[in-house]
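1. fold the following.
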Amino acid sequence: MRKSPKAALAWALVLGPLGLCYLSVFGGVVATMVTVAAILVGSPAMLAVLWPVAVALSLPAVRRL
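-> Have a look, this model is predicted:
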């Protein structure tokens, strides 16, 4: 099934790491767990770093599907 790059970007923008579940359920869950762990261990400011990373990873991942 072909995934839409626009939809992948929209989901990642809205839901951050959880939005990666649109592309891969396993990948989205792992990214969300890593984000939660980074916030708990580090600080909530980690979200400002990890959210754009999830958005950036959403587009190349769509091209591989």
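2. go through stretch 9-16 and flag the buried ones.
-> Neighbour-count burial for stretch 9-16, counted by 16 or more other CB atoms under 10 Å, picks out Leu9, Trp11, Ala12, Leu15, Gly16. Where you see a C-beta, it was placed from the backbone N, CA and C, and this is true even at glycine.
3. same question, stretch 32-43
-> Neighbour-count burial for stretch 32-43 flags Thr32, Thr35, Ala38 (criterion: 16+ other CB under 10 Å).
4. any idea of the mean pLDDT for the strand or helix carrying Val14?
-> Take DSSP states H and E as the rule and Val14 turns out to sit in helix 5-15. The pLDDT scores in helix 5-15 average 88.
5. using CSV, list the CA coordinates for the lowest-mean-pLDDT helix or strand in the chain.
-> Lowest by mean pLDDT, DSSP states H and E among the helices and strands of the chain is helix 46-64, with a mean of 83. Extracted as CSV, the C-alpha positions of helix 46-64 are listed here (Å, rounded to 0.1, in the frame of the first residue of the first chain):
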residue,chain,number,x,y,z
MET,A,46,13.8,17.3,24.8
LEU,A,47,10.5,17.4,23.1
ALA,A,48,11.6,20.5,21.3
VAL,A,49,14.4,18.4,19.8
LEU,A,50,12.6,15.1,19.2
TRP,A,51,9.4,16.5,17.6
PRO,A,52,11.2,18.0,14.6
VAL,A,53,13.3,14.8,14.3
ALA,A,54,10.1,12.8,13.9
VAL,A,55,8.8,15.2,11.3
ALA,A,56,12.1,15.0,9.4
LEU,A,57,12.1,11.2,9.5
SER,A,58,8.5,10.9,8.2
LEU,A,59,9.3,12.0,4.6
PRO,A,60,12.3,9.7,3.8
ALA,A,61,10.4,6.8,5.3
VAL,A,62,7.5,7.3,2.9
ARG,A,63,9.8,7.2,-0.1
ARG,A,64,11.0,3.7,1.0
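6. thanks a lot, catch you later.
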